[in-house]
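Colleague: Got a predicted structure here, sequence first:
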Amino acid sequence: MTGVTLSRYLVEQQRNDPQITHDLRLLIENIATACKSIGVAIGKGAIAGVLGGAGTDNVQGEAQKKLDVLSNDLLIRSKQANGTLAAMASEEMDEIYHIPPEYPRGDYLLLFDPLDGSSNIDVNISVGTIFSVLRRQAGPGRAPTVDEFLQPGTEQLVAGYAVYGPSTLLVLTLGKGVDCFTLDRELGEFVLTHPQMRIPEDTKEFAINMSNQRFWEPAVQRYVEELLMGASGPREKDFNMRWVASMVADVHRILTRGGIFMYPLDSKTRDQGGKLRLMYEANPMAFLVEQAGGAATTGRARIMEVTPEKLHQRVPVVLGSKSEVERVTRYHHE
Ligand code: AHG
Ligand code: MN
Ligand code: MN
């Protein structure tokens, strides 16, 4: 199927899989369109005056960038009218977003991190959009509540991300492997370029913010220490380190050539449960990584089996090449 457009790909998926309804297909196409618009805004950068801070804070107390707010608005506006969604939730909104009464309500719930890696915008390093789609549990009559969003990651129907880098890519799972599309800027279409991505089981590359080392728990201390000892330590091989500080870019590298990504629990973030958000960062990435043959845990348990308690809940994240993730998880239990 390499070379087919996203639209054609989705038509085929709908034909072959009863889970992929007309509405779900429309929703995914719509998300892709919003990502194209976000990509255009990011591409224009300073010319369009979109760089820099918005002067506001989000619910997590983080300073919002203009592009955080713009991307959030683009995703909301492009999706509220299409009739596929019951409600949306985002990193940049305290409460869930209800579909305005003038539009029809659909069966699906959409969660997103409109712009991931926002600290990288102003320095022209890759950023992205992460999303996750759930089915509504309650009947269509009632207005959706936040509780309906609190489903474990195993319930995700679709997850994906766009990465705005040298190329704009869309990486998608519908629960049958992971396919990657590249935006053909002349055609304005996403084209399938990397079908059925697989994460190599073994790796020599790791990603962690080393500046937090003194705050880590003993299991992570031990694991990273062994990596740093390289060929002369117990691992008997040298490891290389990468940290983009945009989870999308780090995860994309891992989907492409393997590796392990960690934002573990540490004494700085212990009270809030971790750094990354479960519902719109950890869960969709865990779904993608597992679908590509990798693993994703909190260090202790499978991320997708965590029972969510809050919309903006945070979790520790360890994901990537299976054998490395299993080792880190084992160290936590030892
Ligand atoms: P966001 O920009 O959506 O708030 O997410 C940033 C996240 C993630 O993308 C990245 O891996 C991590 O924060 C970077 O954290 P450090 O600044 O601690 O490196
Ligand atoms: Mn993020
Ligand atoms: Mn974000």
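Modeller: Structure received. Numbers count the residues shown, from 1 in each chain. Ligands and ions are numbered 1, 2, ... in the order given.
Colleague: Please count neighbours and contacts with C-alpha atoms only from this point.
Modeller: OK.
Colleague: for ligand 3, what are the nearby residues on the stretch 101-250 of the chain?
Modeller: Among all residues of the stretch 101-250 of the chain, those adjacent to ligand 3 (criterion: C-alpha under 5 Å from the ion) are 113, 115, 116.
Colleague: Buried residues of stretch 80-97, list them for me.
Modeller: Under the neighbour-count criterion of 16 or more other C-alpha atoms under 10 Å, stretch 80-97 has 80, 82-92, 96-97 buried.
Colleague: which of the residues you listed has the weakest pLDDT?
Modeller: Lowest pLDDT of these: residue 80, 89.
Colleague: coming back round to it: going by distance to residue 45, which of the buried residues of stretch 80-97 wins?
Modeller: Sorting the buried residues of stretch 80-97 by distance to residue 45 puts residue 92 at the head of the list, at 20.3 Å, by C-alpha to C-alpha.
Colleague: separation between that closest one and residue 334?
Modeller: Taking C-alpha to C-alpha, to the nearest Å as the measure, residue 92 and residue 334 are separated by 38 Å.
Colleague: likewise residue 119?
Modeller: Computed with C-alpha to C-alpha, the distance linking residue 119 and residue 334 is 36 Å.
Colleague: Looking at those two, which is more packed in?
Modeller: Applying other C-alpha atoms under 10 Å to residue 119 and residue 334 shows that residue 119 carries more neighbours, namely 17 against 6.
Colleague: unless I'm mixing things up, residue 275 is touching residue 269, no?
Modeller: Yes. Counting by C-alpha atoms under 8 Å, residue 275 does reach residue 269; the two are 6.2 Å apart.
Colleague: Now for residue 268: which residues touch it?
Modeller: residue 215 (C-alpha atoms under 8 Å, 6 or more residues apart in numbering).
Colleague: Do you have the helices of the stretch 101-250 of the chain handy? List them.
Modeller: 218-229, 247-257 (DSSP state H, counting those that start in this stretch).
Colleague: which helices and strands does the shortest one pack with?
Modeller: Which is helix 247-257. When contacts are defined as 3 or more C-alpha pairs under 8 Å, 6 or more residues apart in numbering; DSSP states H and E, helix 247-257 sits against strand 127-135, strand 158-164, strand 260-263, strand 317-320.
Colleague: Same question for the longest one.
Modeller: Of the remaining helices and strands, those touching helix 218-229 by 3+ C-alpha pairs under 8 Å, 6+ apart are helix 322-333.
Colleague: for the helix it packs on, what is the average pLDDT?
Modeller: Helix 322-333 comes out at a mean pLDDT of 98.
Colleague: Just the buried residues of it, please?
Modeller: Buried residues in helix 322-333 (16+ other C-alpha under 10 Å): 322, 323, 324, 325, 326, 328, 329, 331, 332.
Colleague: Of those residues, which is the nearest to ligand 1?
Modeller: Ligand 1 lies nearest to residue 325 out of the buried residues of helix 322-333, by C-alpha to the nearest ligand atom, at 16.8 Å.
Colleague: still on that earlier bit, kindly reformat the helices and strands packed on helix 247-257 as a markdown table containing distance to residue 299 and mean neighbour count.
Modeller: What follows is the helices and strands packed on helix 247-257, written out as a markdown table (distance: least, C-alpha to C-alpha, whole Å; neighbours: other C-alpha atoms under 10 Å):
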| stretch | distance to residue 299 | mean neighbour count |
| --- | --- | --- |
| strand 127-135 | 22 | 25 |
| strand 158-164 | 22 | 27 |
| strand 260-263 | 9 | 25 |
| strand 317-320 | 6 | 31 |
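Colleague: Using CSV, lay out the ones you listed together with distance to residue 184.
Modeller: As requested, the helices and strands packed on helix 247-257 are exported to CSV (distance: least, C-alpha to C-alpha, whole Å):
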stretch, distance to residue 184
strand 127-135, 17
strand 158-164, 13
strand 260-263, 29
strand 317-320, 28
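Colleague: out of all of them, which helix in this structure is the longest?
Modeller: When the chain is parsed with DSSP state H, its longest helix is helix 22-44.
Colleague: touching ligand 3 at all, that helix?
Modeller: No. For a cut-off given as C-alpha under 5 Å from the ion, helix 22-44 has no contacts with ligand 3; the smallest distance is 12.9 Å.
Colleague: quick check: mean pLDDT across whichever helix or strand comes after that helix?
Modeller: Moving toward the C-terminus from helix 22-44, the first helix or strand encountered (DSSP states H and E) is strand 53-57. Across strand 53-57, pLDDT averages out at 94.
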